[in-house]
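1. sequence and computational prediction follow.
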Amino acid sequence: MAAEARVDCHVKVLNDAVVERARAVGLDAIIYAPHFTRLPDIRRQAASYSSNDLLVIPAREVFTGSWRDRKHLLAVGLEEPVPDFIPLEAAMDEFERQEAAVLAPHPEFANVSLTEADLQQYRNDIDAVEIFNPKHLPLHNERARGIAERLGYPPFTSSYAHLPRSVGVAHTAFERAIETEADLVAALKDGVARRVVYDNGCKRWRTTARELAHLAYENTWEKVDRLFLSGTEPTHPHHIAYDGRFDDVSVY
């Protein structure tokens, strides 16, 4: 692998089409973090698609707080599962215990993100802030970049792809070879120099339109009620897989 590693730092979908697309655009690695999927399942799927040509790194985007006021965190390098719908403080404590790298996707966006105040509070615990997300309008990305610069955070970007054709429309180029999950965790925690790479032309706006249409479909209230409030979905804190460890801090 080259000294510079090109990483799409957050994709939601993983299949043959994703791998083919990632290779075609010259990525060295992708971080796979689907919604509401337990870490062991993510790890198994990532391993089945990872190869010498493309490293697929498992991760969890944890939804802290309640559905109406949730704050997303992307944790890379977890060894033990962490559920959704626990307080931000509880999630941060668990990430620290496991020495995971912690990324802040889409800051200050709607009701699904860390605020600037949160990022200030956890300045020593969060390793990078996303400064470009292809789903966002320019004003959202400019705001994110400003926050990262004011607080002195290393930047990152991702395709945030929910559709295979979106993979690689934005990537982070690290000035270090990354051949394993541990390599990426170390690069993030060490603040390794990197470039944020994206295209703001017509192709980017087509990607934005497709992804926003998919987002509208994905986030219907029927799906919310069916999946997230029943208490039986895989990443609910009361799920049997967590052995009651998070029952005291569950928000549902």
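-> Good, I have the coordinates.
2. got the contact list for the most centrally placed residue in the chain?
-> By Cα atoms, centre = their mean, the mean C-alpha position of the chain lies nearest to residue 74, the distance being 4.1 Å. Contacts for residue 74 (Cβ atoms under 8 Å, 6 or more residues apart in numbering) come out as 9-10, 31, 33, 59-62, 102-105. C-beta: built from backbone N, CA, C; applies to glycine.
3. wasn't it part of a helix?
-> No - per DSSP: H, G, I helix; E, B strand; the rest coil, residue 74 lies outside any helix segment and is strand.
4. does the closest residue to it other than its chain neighbours belong to a helix, a strand or coil?
-> Residue nearest to residue 74 in three dimensions, not counting chain neighbours: residue 103, with 4.1 Å by Cβ to Cβ, 6 or more residues apart in numbering. On the three-state scheme (three-state DSSP), residue 103 is labelled strand.
5. kindly report the same for residue 22.
-> Going by three-state DSSP: residue 22 is helix.
6. how many residues are close by it?
-> Using other Cβ atoms under 10 Å, residue 22 has 28 neighbouring residues.
7. surely it meets residue 166?
-> No - in this structure residue 22 lies outside contact range of residue 166 using Cβ atoms under 8 Å: 10.9 Å.
8. skipping adjacent residues, who's closest to residue 158 in space?
-> Nearest residue to residue 158, sequence neighbours excluded (Cβ to Cβ, 6+ apart): residue 10, at 3.6 Å.
9. likewise for residue 90?
-> In this structure, residue 90 finds its nearest non-sequential neighbour in residue 249, 4.5 Å apart by Cβ to Cβ, 6+ apart.
10. could you do residue 61 as well?
-> In space, and not counting its chain neighbours, residue 61 is closest to residue 33: 4.5 Å by Cβ to Cβ, 6+ apart.
11. please enumerate the strands of the stretch 51-200 of the chain.
-> Counting by DSSP state E, counting those that start in this stretch, the stretch 51-200 of the chain has strands at residues 55-66, 69-76, 101-104, 128-132, 155-157, 170-174, 194-198.
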